[in-house]
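The sequence isn't on hand, but the structure is:
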């Protein structure tokens, strides 16, 4: 079951390093729909993660990883899922050769483990995260599909997510609604 959720992490990303930004509707004349732009493309709340991601120029690494992990069908599933989705820039910041190595067939299990570490069951919005952080006395532990925890905190006006190794990612775009969950774009690849 863990593998089914793995590829969710790879979708919905935008290369940005600014503090938390909430998804907003484009200005008129496109005001007829209230879907955010991510990676130069509208994200439609009535489409699943895959159908949105393939249109974004900032998702090329993510889409390639989803395909390499064999998770396209999973990402089209019902969910709901919360995805902390790293951008292409986040993948590019990994040590040289890391992404290329993970895309090799013999590394599929490693890729799957990393991807499932970015996915939390259920649809957890930024409002939900803030409530959990407040309830947790300044932090919220989130159990991932991979099985290990992520820790969310409020920093300034934004939310951060810390992995098991202490690396901190900032949510750069929150609450990107999909038909099968919600995506929070992050600026780092988290490692279990």
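Alright, I've got the coordinates. Predicted, not measured: the structure shown is a model, and the values here were computed from it.

Go through stretch 40-51 and flag the buried ones.
41-44, 47-51 (16 or more other CB atoms under 10 Å). C-beta: built from backbone N, CA, C; applies to glycine.

now, which of those sits nearest residue 139?
residue 49 (26.9 Å; CB to CB).

so the closest one makes contact with residue 80?
No. Using CB atoms under 8 Å, residue 49 makes no contact with residue 80, being 10.6 Å away.

Setting aside sequence neighbours, what's the nearest residue to residue 182?
Spatial nearest neighbour of residue 182, excluding adjacent residues (CB to CB, 6 or more residues apart in numbering): residue 123 at 4.9 Å.

swap in residue 88?
Residue 88 sits nearest to residue 61 (CB to CB, 6+ apart), 4.7 Å away.

what do residue 49 and residue 80 both touch?
Both residue 49 and residue 80 are in contact with 180-181, where contact means CB atoms under 8 Å, 6 or more residues apart in numbering.

mind listing what the residue nearest to residue 88 touches?
10, 88, 91-92, 99.

Apply 7 Å and report the result again.
Applying CB atoms under 7 Å, 6 or more residues apart in numbering to residue 61 gives the contacts 88, 91, 99.

That concludes my questions; thank you for your assistance.
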